[in-house]
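1. Give the three-dimensional model of this entry:
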Amino acid sequence: MGKLKNNIKRIAIIGGGWSGLYALKYSLEEGFEATIFEKKSQIGGVWTYQEHECGGVWKSAHATSSKTFLHASDFPMPEETSLFPHHSKIYQYLCDYVEHFSLGPHIKFNHEIQNIEQRGQTWRLSIFDHNKNRSLQQTFDAVLLCTGQTSTPSTPTDPMYQNFEGKTMHSASYKYPKQEFRGKSVLVIGGGESGSDIANELTDVAGHVYLSVRSGLWFFTRHNGVFLPTDTRFSKRNRWLVSDYGNNIFVRLSEILTNVNYGVGGHGIEAWKPNYSVLGGIINKSVRVLEKIPLGLVTPKRAVVSVQSNTVMFEGDSEPTPIDVIIYATGYKQELPFNVVKSSDELYKHLFYVENPTFAVLGRIRPIFGSIVGLAELQARWVTAVLAGKATLPNKNKMRETIVADRLKQKKNFPDQYEKRPHLVSHFSYADFIMKELGAYPRLIRLFFTNFKKWKLLILAPWTPFEVFLNNPQKEPNALERIQQVYAERRRVKGPSLFKLLTSIVFVSTIVVIMAMILSSYSLWLLLS
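-> Got it, this is the predicted structure:
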């Protein structure tokens, strides 16, 4: 396909969350006339706390990815920001981002997109302006859909839940442990981080909490020690060991070590035994709920098999359990809105609409480790570079072939989850791919021979968004300084090296195998001589 032929000038950005703000910033930098249409009255998307509205964060929510993965590449978070910021800090950071880059005049609040229609080489948007209570139609050369993954709550469709006579709600409506839960028997359904955090909080007021996980899962603490976020342990060197996840020997060794130290799945709960490898699917980093189980405040359960009146029968149980409240922490519908793109199989690299790349979807990917927002900034850079003619795309057939190849790779790396979550990716390989498309990936081989100190830093430091400037002569010194700061923070925490631990195990195992082979051969020689 090469460079886009359209003379692109006007860009519509739908959604004023993290992805939308990145898309706006880079669109303006490329000289486009860009506008965000946000249906609510403020920016922030899911990071906006609204006590009396469905959606957004709950009152005590913190980031589950460390701030190392949350910085904007050219607007670092304040140094005093905690490793896992509270939602209010993130919202303030986004407000500061808007002010710093003068994005405010390009955002239209209370403007809801009702329909998108392709008209030749342009896109016509039907918009409802809630400020003036009127409908509008406007035409744009490109549309960037940035509505995220948490727009429409998903609840179980099984008719058995209609039999329940108690209170039900989706986790999107949960804000804090209100008095309505006091003394109640509460069932939380869902094995994600939202369900775990809510179940943990409810123990402060509820009579008892049950947490139902249908198919098992892995729990990993979000930090190894107080000041060492788990996600910062994935340096380039360590990422080379685990490859692109999958089931190599180092992943299996990590799985064995986790099971030995914490029990199967990182928790030791037979009812929640995972059916995928340690890096083969979603990992729950909200481990505080596990502490409530031995205290008798939370009871782990498997899938719900029947519901009658105010009782629930769980898989493997012989008697039903009395329940007063059910909270569905069952995620959100993944259908793309506006019916332009029917499925993720029509998106090249989960981003560009193959049939017309002037339509792109940002922020819909889900990394196993890392952060959605870190990848969303790279997506925004890449999309705007393509629209500006500074980067190229393959032709349609090549893009379709790549989509098929990527799906096969997903099936290999995430065999038990790739159908349910087609947007699962490796944060690191996805980021590396986009950086190469932008010509921003560091030239490691050359650096090894010309600047070994810099090469060593890039190999040993955690992933950071600052890497994107390493091939930019004007911005490289500042980027290196920030990477060095992150690396220094990582190194100030003394602990065993993951790389040395895994390589030592492999080395010792190899020696044992070789010695066993030698002894076996020697024994056979003695018998035959």
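2. how near is residue 375 to residue 64?
-> With distances defined as Cβ to Cβ, to the nearest Å, the gap from residue 375 to residue 64 amounts to 15 Å. C-beta: built from backbone N, CA, C; applies to glycine.
3. neighbour-wise, which of those two wins?
-> A count of neighbours by other Cβ atoms under 10 Å puts residue 375 above the other of residue 375 and residue 64, at 26 against 16.
4. That one contacts residue 432, correct?
-> No. If you go by Cβ atoms under 8 Å, residue 375 and residue 432 don't touch, sitting 11.1 Å apart.
5. Now do the same contact list for the nearest residue to residue 152 once chain neighbours are set aside.
-> Once flanking residues are discounted, residue 152 sits nearest to residue 333: 4.4 Å by Cβ to Cβ, 6 or more residues apart in numbering. Each residue near residue 333 by Cβ atoms under 8 Å, 6 or more residues apart in numbering is listed here: 151-154.
6. could you pull out the helices for the stretch 51-200 of the chain?
-> Shown for the stretch 51-200 of the chain, the helices assigned by DSSP state H, counting those that start in this stretch span residues 87-100, 193-202.
7. which of those helices sits most buried?
-> For these, the stretch with the most neighbours on average is helix 193-202, a mean of 25; neighbours defined as mean count of other Cβ atoms under 10 Å.
8. From the contact counts, what lies against it?
-> Using 3 or more Cβ pairs under 8 Å, 6 or more residues apart in numbering; DSSP states H and E, the elements in contact with helix 193-202 are strand 185-189, strand 208-212, helix 288-292.
9. got the ones you listed as a markdown table, with mean neighbour count and distance to residue 40 columns?
-> As requested, the helices and strands packed on helix 193-202 are exported to a markdown table (neighbours: other Cβ atoms under 10 Å; distance: least, Cβ to Cβ, whole Å):
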| stretch | mean neighbour count | distance to residue 40 |
| --- | --- | --- |
| strand 185-189 | 25 | 27 |
| strand 208-212 | 24 | 31 |
| helix 288-292 | 19 | 30 |
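10. and residue 405, which of those is closest to it?
-> strand 185-189 (35.6 Å; Cβ to Cβ).
11. Would you mind telling me which of the helices of the stretch 51-200 of the chain is nearest residue 235?
-> Ranked by Cβ to Cβ, the member of the helices of the stretch 51-200 of the chain that lies closest to residue 235 is helix 193-202, at 24.4 Å.
12. Mind listing residues that contact that closest one?
-> Contacts made with helix 193-202 from outside it, assessed by Cβ under 8 Å, 6+ apart, are listed as 58, 60-61, 64, 171, 174, 176-177, 181, 186, 188-189, 209, 211, 284-289, 292, 298, 327, 329.
13. mind redoing it with 6 Å?
-> For helix 193-202, the surrounding residues in contact (Cβ atoms under 6 Å, 6 or more residues apart in numbering) are 64, 171, 174, 177, 181, 186, 188, 209, 211, 284, 286, 288-289, 298, 329.
14. got the angle for that helix vs strand 208-212?
-> Per axes from the mean of the first three to the mean of the last three Cα atoms, to 10 degrees, the angle that helix 193-202 makes with strand 208-212 is 170 degrees.
15. shaky segments in the stretch 201-350 of the chain?
-> 241-250 (pLDDT under 70).
16. brain fart, the chain
-> For the chain, counting by pLDDT under 70, the residues that fall below are 1-6, 241-250, 492-509, 513, 522-529.
17. Let me know the secondary structure of residue 397.
-> In three-state terms, and counting by DSSP: H, G, I helix; E, B strand; the rest coil, residue 397 is helix.
18. From residue 404, how far out is it?
-> To residue 404, residue 397 is 11 Å away according to Cβ to Cβ.
19. Please, where are all the strands along the stretch 251-400 of the chain?
-> Assignment of strands within the stretch 251-400 of the chain using DSSP state E, counting those that start in this stretch yields the ranges 283-284, 298-301, 304-308, 311-314, 321-322, 325-328, 347-348, 352-353, 359-361, 366-367.
20. Tell me which other helices or strands the third one touches.
-> For strand 304-308, the packing partners by 3 or more Cβ pairs under 6 Å, 6 or more residues apart in numbering; DSSP states H and E come out as strand 311-314.
21. so residue 299 sits right up against residue 209, yeah?
-> No. Counting by Cβ atoms under 6 Å, residue 299 does not reach residue 209; the two are 7.4 Å apart.
22. My read is that residue 442 contacts residue 470, right?
-> Yes. Contact between residue 442 and residue 470 holds when scored by Cβ under 6 Å: they sit 4.6 Å apart.
23. Would you mind putting the contacts of residue 333 into TSV with distance to residue 520 and neighbour count alongside?
-> Below are those laid out as TSV (distance: Cβ to Cβ, whole Å; neighbours: other Cβ atoms under 10 Å):
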residue	distance to residue 520	neighbour count
151	62	18
152	62	13
153	61	18
154	56	15
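24. Understood, closing this out.
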